[in-house]
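> build me a structure from this.
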Amino acid sequence: MKLIVVGTGKIVEEALPVITATNGIDIKALVSTPRSREKAETLAGQYQIQDLYTSLDQALDNPDTDTVYVATPNHLHYEMSKAALLAGKHVICEKPFTLKEAQAQELAQLAKEKKLILLEAITNLYLENFAVLKEELTNLGDIKIVDCNYSQYSSRYDAFKDGVIAPAFDPEKGGGALRDLNIYNIHLVVALFGEPTSVDYLPNMERGVDTSGILILDYTDFKVVCIAAKDCSAEVRTTIQGNKGSMIVAGESNTLPQVKITENGSQPRLVNKNSTEHRMAAEFRAFQAIINDRDFARAQEAIDHSLKVMKVLEKASENLS
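Model (predicted):
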């Protein structure tokens with residue numbers, strides 16, 4: 001994979017050491033805004049990235065690249081992914097995939113027409129402990145209640161209250177707790193249980209953005225509550241309850257640390273099959289393999305899942321206006 005990285009924000013700073021350590025990925029170019037050029041130069045020097053651009057179009061003209069990693073603010077995901085696909089590049093796009101379901105559908109169709117790989121970067125689905133959750137579900141019997149809470153007091157919240165609006169709190173840029181944190185809960189729940197029969201979102205709104213909120217998903221036979229907050233904090237955990245037992249993930253839904261499994265009448269079992277690597281390592285290994293092997297079947301499975309998530313996100317977003 002000959003990669004163009006688009007963005008210089010926190011997620012890129014976190015991803016660059018992971019990507020450079022992944023066999024088969026060669027970062028050829030870094031794209032920044034003119035305002036972030038100095039930071040881009042620092043990152044390029046640190047990770048031996050040859051080409052720097054302040055224009056995505058110019059970067060896409062580089063014939064020595066085949067894949068674009070879009071890691072920009074949420075509202076730019078659609079237009080930048082579309083531009084990359086139209087230029088004949090495979091695309092890895094950070095979560096949330098797009099702001100609108102129709103945009104995601106359009107990108108998926110475009111990738112299919114052009115025979116290109118399109119993937120959403122969502123760490124939890126590629127972790128070893130996600131496989132543990134899937135495998136152990138059958139031991140819980142009939143699922144009754146699922147409760148996911150990903151609440152972190154944001155370092156930018158105090159500034160937000162004073163009127164300094166970062167992209168993560170900017171409704172025009174797709175900010176807010178739903179798309180920033182609850183998106184991990186949604187991906188996890190949809191990957192385990194499929195599409196819900198109904199969706200309702202109860203947000204706490206400040207300055208036009210959801211600083212926290214409760215997402216309620218009805219699966220007819222069981223109910224799911226997904227909580228996310230950037231304006232307050234609590235114990236971060238996911239609990240899955242069935243009539244024969246339960247599972248608890250004590251930690252963020254994007255890292256899925258140790259899983260506690262308790263079957264009725266038995267002592268709890270603690271399982272952790274995650275490696276000690278950074279949480280992004282498994283997903284980028286998977287992306288490299290999918291793109292290198294042109295594994296369209298696996299890519300289609302991933303896109304089908306992302307589109308289901310986008311349906312939930314779209315319905316939940318109706319309560320943000």
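
> determine the longest helix present in the chain.
helix 296-317 (DSSP state H).

> any idea how far that one is from the chain center?
Centroid separation for helix 296-317 versus its chain: 11 Å, with C-alpha atoms, centre = their mean, to the nearest Å.

> may I see the buried residues of it?
For helix 296-317, the neighbour count (16 or more other C-beta atoms under 10 Å) marks 299, 302-303, 305-317 as buried. Where you see a C-beta, it was placed from the backbone N, CA and C, and this is true even at glycine.

> what's the answer for stretch 262-272, then?
262-263, 271.

> show me how this structure divides into domains.
2-121+281-295, 128-274 (the TED database).

> redo those as TSV? Include mean pLDDT.
As requested, the domains of the chain are exported to TSV (pLDDT from 0 to 100):
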stretch	mean pLDDT
domain 2-121+281-295	97
domain 128-274	97
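
> would you mind listing the buried residues in stretch 235-250?
236-242, 245-249.

> check stretch 112-120 too.
116-120.

> closest to T72 out of the residues you listed?
E120 (14.0 Å; C-beta to C-beta).

> so what pairs up with that closest one in the strands?
Listed by DSSP bridges, the beta-bridge partners for E120 are C93.

> could you pull out the strands for the stretch 1-150 of the chain?
2-6, 26-31, 51-53, 67-70, 90-94, 118-121, 143-151 (DSSP state E, counting those that start in this stretch).

> and R294, which of these is closest to it?
Ranking the strands of the stretch 1-150 of the chain by proximity to R294 (C-beta to C-beta) places strand 90-94 first, at 9.1 Å.

> and that closest one, what does it pack onto?
strand 67-70, helix 77-86, strand 118-121 (3 or more C-beta pairs under 8 Å, 6 or more residues apart in numbering; DSSP states H and E).

> and G24, how many neighbours?
12 (other C-beta atoms under 10 Å).

> and V199, what helix or strand is that in?
Per DSSP states H and E, V199 falls inside strand 198-206.

> and that strand, which strands flank it?
strand 209-218 (antiparallel).

> so how far is the partner strand off the chain centroid?
Put simply, strand 209-218 sits 17 Å off its chain's centre (C-alpha atoms, centre = their mean).
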